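**Q** got a predicted model here, sequence first, then my questions.
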Protein chains: 2
Amino acid sequence: MSKNTIKPEILKGFRDMLPEVMNNRLKIIEKVRAVFERFGFVPLETPGLEKTEVLTGKYGDEGSMLMYSFKDKGERNVSMRYDLTVPLARVVAQYQDKLPRPFKRYQIAPVYRADKPQKGRFREFYQCDVDIVGSSSMTSDAECVFVDCEVMKALGIKDFEIRINNRKLLNGFIESIGVVKEKFSDVLVAIDKLGKIGEAGVEKELNRRGIADDKVKLIIDFLKPKGEDNLQILERLGNIADNKTYREGFGELRDVINLVNEDDEFADNIKVDVSVARGLAYYTGTVFETFVKGYENIGSVMSGGRYDKLIGMFLSQDIPALGISLGFDRLYVAMDELRLLEKKFATADVLVTFLDENLKKEYFKIAKELRNAGIKTEIYSRPKDKISKQLSYAEKISIPYAVILGDEEMKRDEVKVKNMKAREEKTVGRDKLIKKIKDSSD
Amino acid sequence: MSKNTIKPEILKGFRDMLPEVMNNRLKIIEKVRAVFERFGFVPLETPGLEKTEVLTGKYGDEGSMLMYSFKDKGERNVSMRYDLTVPLARVVAQYQDKLPRPFKRYQIAPVYRADKPQKGRFREFYQCDVDIVGSSSMTSDAECVFVDCEVMKALGIKDFEIRINNRKLLNGFIESIGVVKEKFSDVLVAIDKLGKIGEAGVEKELNRRGIADDKVKLIIDFLKPKGEDNLQILERLGNIADNKTYREGFGELRDVINLVNEDDEFADNIKVDVSVARGLAYYTGTVFETFVKGYENIGSVMSGGRYDKLIGMFLSQDIPALGISLGFDRLYVAMDELRLLEKKFATADVLVTFLDENLKKEYFKIAKELRNAGIKTEIYSRPKDKISKQLSYAEKISIPYAVILGDEEMKRDEVKVKNMKAREEKTVGRDKLIKKIKDSSD
C-alpha cells in the first residue's frame, strides 16, 4: 500500500449492510411497513439530529450517558437520534394545531447509542415504531398488541409469545407491601432484569438496592409463574392488593386481555406476565414484550407500552400515548435462526452479456425490452471481459439467467438463454425471450 | 406553560416530515428503488457515522468545512455521513475479496451538511445513488444516463433534459488555450456556476481567479450554446483541440452519445452541453445534470459522473467507477410544481368507528376482516368520542370511508358505510362489506 492511502475502516460498533443482508432487511421493512399501514398508521420522519435539551431527561440516567452529543459549528448542543418516541413527543407538542388527535404514526429509522459494542448490540440500529397519541382507551393497547401479532405473522414467525403486564399493577403491588415510593423505580429496574439474571439475581439486586428481605420474598413470589391461563391469572391478581394504583392497573390489564382473548387467531400467543417491567423510565401503564419461542435468549423482539406523561414534558398538559418498537437486529437474528432469510446478493433476474462489442446497441435494446416487461435486468458492465468471466459473475452473485447474443443468433433473430443453476442453455426467438424468462421463473 | 416544560423545537436547517409529505416521499423512494432494481443494482447501507479521516480530503475544501465532525466518547474523530459516494469507496476498498467486480450498488439515505440554511437547502437531506464500480466502459456511462431517464419517467416527469459533458474534454480544452495546470480546477469551479451567475458572472469569476482576458474570451465562446443537435456538436467539437486529454474526453463523450442516440424513447432528452462541469472535486470523465423543463431554476435534480481516482485513495491501485445521485428535495419541489404529488395525510381507506362501546369486540372483528382482505383499516382510538367527532376525524385526515355499526345494524347483521367525500351513507350486509369497499374504491 502506498503511504498516502487512507485505511478503509469502519467505526467500532457500526456496520456496513452488504447486499445479501440489505436485500433481507429491505424485505423485512417492506413487510413491517405494510402491516403498519394496514392498521392505518401514517408515516412520520424526524431528523437524525436534535437539540440535546429535547432529548435529555427522558430515558433515565443511563440513556443520557449513551447519547451521541456534541456542539455543532454554531455552538449549539446537539444529539443524534436516540429513539423514535421522544422525537414523536416533541412533534406532537410542536405541531399541536396541525396534527389530528388521535394521531397514529409510524416511523422506521436508525437510532444511535454509544453503548459498549457486544454480540448483537450495535451503536447504530433500526427501530420500527408505531404509536397512538391522544388515546387513553384500552382498545388502543389491544390494538398495539394486534399490530405486534400481525407483524410476527407477516414475517413468517408463527411461534411467538407476547408477555403483557401493567406498570400500575406492578407499582400498586410494590406499594401494597410497604416499599417507599422513592424505591419504586429501583424495584422495577431489578424486576426488568429477571430474564437475564434469574430469580436469585433479582433477589440480590433488590437487596443491593436496600429492599428488606421480607419484601424481597413477597416480590419474588409475586413474579413466579404459576402455570395458569390468562383468565386464571386475572382472577388471582384481582385479590392480591387493593390500593387505587393497583386497581387501576388491574382494570386496564383485564380490559386489554378481554379484547385480545376474543381473537381466535392470536389469543394463545398472548400471556399475562407480571414480571414484565420494561427498562425505560417513561412507561406508565400497559407494558409488553415479544419472544420468539425457542429463541427467548435473543430477548424481546418487539416491545411497547403506554407512556401517558412523556408528551406532557413538552406541554402544560398530559397527553396519553402508547406504542410499540420493533428491535430490528434481534428480529433479524431470530429470522436467520428460523431460516426465514434468503442469502442472495443480486436483485437482477437476468444478466445481458456482451459477446461482441459491435452488438452493444442490441444488448441495450434487449435489456430495455426485458425491463419494460417488469424483469429485473442487469447489463454486464465490462464488455471486454471474456464471456466465461461474465457468466461466473452471474453465478457468483446468483443472477438466475444469462442472455447471450452473438453474430449467429443475431442473423437468425434469436438469443441464447442460460439457466445458471441448471446449467442449461436454450436458444429462443428474440420475440419469445420475455415469455421464456417469465415461464421459467414461475 | 409551566416553567418546567421543555420547548419543543427542531434544529435550524432540519425538518420534520409530516405525514402528507412522508406519504409522497415514501412513494417516490419506492418508485426510484424499483427503477434501480430493475437495472440490477443491489442495495448497500453504510453507517450514519464514519471515521473523520475516511471522509476528509474527498469533497474539496468547502466539503470538509461543512461536515458534522466531533469527538465521540472514546475520543475518536467521527463525522456524520456527508454523501454516499465516499462511503461506497471505503466499502469497495474494505471488502475487496467479498464484493464482485463490477459492483453495481444503490443506496438511499440521509446525508448531513452544516450548510447555511436557505430556501430549498437543508442540513439533512436524502440522496438516492446508483454507482457502477470497476467499469471503465462507456456502456456504463450510457447505462447511468438511462437509469436517470427511467427514474424521471417512473416519477411522471416527461419534460426533462439531461445535459452531458466530459471533464477530460473540458480540461483538454482549457489546456489547449494555454491555461496552466494549477488553474484547471479554478476554471472548472467558475464554469460550474454558469447556470447561477450567467456569462458575465463567469467572466468576472475567471478574471478574479487570475485568468487572462484573451483566455476568458475563448472559454466563454467555447461554452456558448450554438443551437446544434448532438451530432452537429460532436462534429464541431472534434476539431477544436488536439491534445491527448481532449481527444480522450471527446472519444468518451462520442461513445456515450452514440449509444444513447439509439434509444427512440429518450434520445431527445439527452443533450451535449460543454458548460456542464459539476462542483465536486472527484469527477474525472463523463459528467451530467438533469433539468426539469420550465423549472430549470430549481437546479439539477439528478446528477452524476465518473470518478476513476476516488477509490484509489483507499487502495494502492485505481478502480474506475461512476454514478448518479438524485437530489431528493429538488425533485420534490419540481414534482410539486408539476402537480404530481397528492396531499393526503391518511394511509387508511376505512375508519371503523365506535358507536357503542359494548360492541367493541365487533369493531375489532370488522377491522380484522377488512385488513385481511387487504384494505387499510384504522380503528378509531377514542371510543368515548361522539360519532360526529369520529367522522370529522376521518374527514380531516382524508380517510375515504367510515364504517358504522350500532345495535340495530348488529341485529340485522348489517353495517353502514359512509362515503366521506360524497357524504352518502349506505347500509349493506356484513358479508358484503369488503366487496362494497373494494367496488367503491375502483
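**A** Structure received.
**Q** verify the stated contact: residue A:355 with residue A:406.
**A** Yes. Using CB atoms under 8 Å, residue A:355 makes contact with residue A:406 at a distance of 4.5 Å. In short, each C-beta sits where N, CA and C put it, glycine included.
**Q** among the two, which residue is more densely surrounded?
**A** Using other CB atoms under 10 Å in any protein chain shown as the criterion, residue A:355 and residue A:406 rank with residue A:355 on top: 21 against 15.
**Q** now that one, what's its secondary structure?
**A** coil (DSSP: H, G, I helix; E, B strand; the rest coil).
**Q** mind listing what it touches?
**A** With contact taken as CB atoms under 8 Å, 6 or more residues apart in numbering or on different chains, residue A:355 is in contact with A:387, A:404, A:405, A:406.
**Q** ok, which pair from those is furthest apart?
**A** Across these, the longest distance by CB to CB is 10.9 Å; it joins A:387 and A:405.
**Q** overlap in contacts of these two?
**A** In contact with both residue A:387 and residue A:405: A:353, A:355, using CB under 8 Å, 6+ apart.
**Q** the more surrounded of these two?
**A** residue A:405 (22 against 15).
**Q** okay, the residue lying closest to the more buried one once chain neighbours are set aside and residue A:178: tell me how far apart.
**A** The shortest distance from residue A:405 to any non-neighbouring residue, by CB to CB, 6 or more residues apart in numbering or on different chains, is to residue A:415 (5.0 Å). The gap separating residue A:415 from residue A:178 is 83 Å, by CB to CB, to the nearest Å.
**Q** please apply the same query to residue A:268.
**A** In terms of CB to CB, residue A:268 sits 37 Å off from residue A:178.
**Q** and for the longest helix belonging to chain A, what's in contact with it?
**A** Criterion DSSP state H: the longest helix present in chain A is helix A:19-38. Defining contact as CB under 8 Å, 6+ apart, one finds that helix A:19-38 is touched by A:17, A:106, A:108, A:126, A:128, A:130, A:147, A:150-151, A:154-155, A:326, A:328, A:331-332, A:335, A:341-347, B:42-45, B:105, B:347-348, B:371, B:374, B:376-377.
**Q** which element follows the helix or strand in which residue A:231 is found toward the C-terminus?
**A** Assigned by DSSP states H and E, residue A:231 belongs to helix A:230-237. Per DSSP H and E, the first helix or strand lying C-terminal to helix A:230-237 is helix A:244-260.
**Q** so how far is that next one off the chain centroid?
**A** On the basis of CA atoms, centre = their mean, to the nearest Å, helix A:244-260 sits 27 Å off its chain's mean C-alpha point.
**Q** so after the worst-scoring helix or strand of chain A on mean pLDDT, what's the next helix or strand?
**A** Taking mean pLDDT, DSSP states H and E as the measure, chain A has helix A:61-65 as its least confident helix or strand, at a mean of 73. Next in sequence after helix A:61-65, counting helices and strands by DSSP H and E, comes strand A:69-71.
**Q** which residues does that following strand contact?
**A** With CB under 8 Å, 6+ apart, strand A:69-71 has contacts from A:52, A:77, A:78, A:79, A:80, B:70, B:71.
**Q** per-residue confidence at the last one?
**A** Just to be clear, that refers to residue B:71. As predicted, residue B:71 sits at a pLDDT of 95.
**Q** beta partners of it?
**A** Residue B:71 has the following beta-bridge partners by DSSP bridges: residue B:77.
**Q** count of neighbours near it?
**A** Residues near residue B:71, counting by other CB under 10 Å: 11.
**Q** looking at the stretch 1-150 of chain A, which residue is nearest chain B?
**A** In the stretch 1-150 of chain A, the residue found nearest to chain B is residue A:40; the distance is 2.7 Å by CB to the nearest CB.
**Q** contact partners for the closest residue to chain B within the stretch 151-300 of chain A?
**A** Residue nearest to chain B within the stretch 151-300 of chain A (CB to the nearest CB): residue A:262, separated by 4.8 Å. Shown in contact with residue A:262 (CB under 8 Å, 6+ apart): B:361, B:364, B:365.
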